[in-house]
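**Student:** Got a sequence here, can you build the structure:
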Amino acid sequence: MQTPSKKKRKIVKKLLLLLLGIFFIFIVVTEDLESYSIYYEEQLATSEKERRDNVIKATIINLRTLSYKDIPNMRYDFDGVNFVENQNDSSGSYFPFVSGNVGGYSYYDKEYNSYNFDANLNLRYGISSTEHKVLDSTQLNEEQIKDEMYETIRPIIEAQDKPGSFNLLWLYKLVRK
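**Tutor:** Below is the predicted model:
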């Protein structure tokens, strides 16, 4: 017959193993949701504009967990904000780049004009690099700027794999809401 202290140890061991198992599953699921966020966003979008915008946001937010190391001519920085520079396109004076910032995103084009977006990827304002003044928002083509942003990070988007062993699209959809 077991003593009460042995029963307690056995129960504590089982609880500890259960907690470790739950923690391990949580880590694996979280990693999956972040690593395949681009694929999940592409599947959930109902229009091309929504797909483009959501993929841009997911790419910048989850940049650290995405497969990006083997992509040539792309530069990354994670000091404070996630930053991606596409050095494949040298047609302008500068390389275009996209970064996350507090409460939104920034995009710098080939002429180093900057565009600031809110967290929902709505254009707030643009700043001219040559004149150092705020650009007239009625003169800016927001959709064209977003298309340029997408093209800047396209090599990262194309390098992402689809979920392998299990697809957690249903869970991603729940978490996103």
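
**Student:** Do a quick rundown of the helices in this protein.
**Tutor:** Applying DSSP state H to the chain gives helices spanning 4-35, 37-44, 48-61, 142-158, 169-176.

**Student:** Can you name the residues that contact the closest residue to residue 134 other than its chain neighbours?
**Tutor:** Distance criterion C-beta to C-beta, 6 or more residues apart in numbering; nearest residue to residue 134, sequence neighbours excluded, is residue 125 at 5.4 Å. From N, CA and C alone the C-beta is placed, and that goes for glycine too. Applying C-beta atoms under 8 Å, 6 or more residues apart in numbering, we find residue 125 in contact with 115-116, 134-135, 137.

**Student:** Of the residues you listed, which qualify as buried by neighbour count?
**Tutor:** 115-116 (16 or more other C-beta atoms under 10 Å).

**Student:** Compute the number of surrounding residues for the nearest residue to residue 72 once chain neighbours are set aside.
**Tutor:** Once flanking residues are discounted, residue 72 sits nearest to residue 88: 7.7 Å by C-beta to C-beta, 6+ apart. Look at residue 88: counted by other C-beta atoms under 10 Å, it has 15 neighbours.

**Student:** Can you give me the distance of residue 88 to residue 97?
**Tutor:** Applying C-beta to C-beta, to the nearest Å, the value for residue 88 to residue 97 is 12 Å.

**Student:** Give me the pLDDT for residue 1.
**Tutor:** What the model reports for residue 1 is a pLDDT of 58.

**Student:** Okay, now the unreliable bits of this protein?
**Tutor:** 1-2, 90 (pLDDT under 70).

**Student:** Kindly reformat the helices of the chain as CSV containing distance to residue 76 and mean neighbour count.
**Tutor:** Converted to CSV, the helices of the chain look like this (distance: least, C-beta to C-beta, whole Å; neighbours: other C-beta atoms under 10 Å):
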stretch, distance to residue 76, mean neighbour count
helix 4-35, 16, 11
helix 37-44, 16, 20
helix 48-61, 11, 19
helix 142-158, 9, 17
helix 169-176, 24, 13
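
**Student:** isn't residue 66 right up against residue 59?
**Tutor:** Yes: in terms of C-beta atoms under 8 Å, residue 66 counts as a neighbour of residue 59; the distance is 6.9 Å.

**Student:** what touches both of these two?
**Tutor:** 38, 156.

**Student:** ok, residue 177 - how many residues close by?
**Tutor:** Number of residues near residue 177 (other C-beta under 10 Å) recorded here: 5.
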